[in-house]
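Trainee: Need coordinates for the below:
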Amino acid sequence: MTFGKLRPIPRDRFSGKKTIVASFAALAIALGGCASTTPAAKPAAVVQDQAADPYISAPDAVIRAEAAPTRNVSGVFELTVRSVSVRDGIVLLNSERDLRKPDLLVVEVMPAAQREVMAHTRKSAARYFLNKHLTVQGVARRVVVGRSGKGKSAPPRYGTRVQMDRFAQVLTIQD
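Mentor: Residues are numbered from 1 along each chain as shown. Presented below is the predicted three-dimensional model:
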């Protein structure tokens with residue numbers, strides 16, 4: 001592709017600065033109109049649902065964690081501690097007595113948070129939280145908790161857990 005010989009614009013007809021400014025102004029107006037769009041509004045049902053209940057229940061947390069692309073859901077989780085277990089120095093607060101239930105949500109109380117609970121309540125975390133209704137702020141994540149059958153070829157079994165690093169993550173405690 002070849003271009004013809006470029007000819008200068010006669011100075012008597014157009015001023016160079018005015019032409020450049022006018023060209024950029026026209027371009028800015030044209031592109032500004034294309035780039036500005038109205039933001040898409042959220043459906044009323046979604047907005048109303050979030051405003052109605054800011055807390056995520058244990059079964060709902062499990063469902064959301066399974067559906068989330070990253071398998072992580074942040075929020076405020078609501079559960080009643082039905083059973084407590086300890087594994088490798090971490091206290092596990094379980095939302096169900098049966099640990100094999102699919103809608104089980106487990107809050108992992110890390111050692112630093114256990115020390116804070118002991119300092120505030122003079123009870124161990126396992127005794128203090130048992131049979132209490134909690135709201136905990138954190139991130140629910142899907143983790144492999146075992147195998148659903150015998151042998152290494154059995155498919156993995158997943159659980160949903162919220163890690164509590166600080167006692168301040170517990171927003172409310174009810175008996």
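
Trainee: Going by C-alpha atoms from here, please, whenever you check contacts or count neighbours.
Mentor: Fine.

Trainee: quick one, what contacts P54?
Mentor: The neighbourhood of P54, defined by C-alpha atoms under 8 Å, 6 or more residues apart in numbering, consists of V76.

Trainee: Let me see the confidence value for it.
Mentor: According to the prediction, P54 has pLDDT 80.

Trainee: so where do the helices sit in the chain?
Mentor: In the chain, the helices defined using DSSP state H lie at 16-35, 44-52, 58-67, 111-121, 125-129.

Trainee: Next, find the distance separating the closest residue to T80 other than its chain neighbours from S148.
Mentor: On the basis of C-alpha to C-alpha, 6 or more residues apart in numbering, the spatially nearest residue to T80 that is not a chain neighbour turns out to be H133, at 4.2 Å. Distance, H133 to S148, using C-alpha to C-alpha, to the nearest Å: 30 Å.

Trainee: neighbour-wise, which of these two wins?
Mentor: Neighbours per residue, other C-alpha atoms under 10 Å: of H133 and S148, the larger number sits with H133, 17 against 13.

Trainee: Let me see the contact set for that one.
Mentor: Applying C-alpha under 8 Å, 6+ apart, the residues near H133 are E78, L79, T80, V81, T172, I173, Q174, D175.
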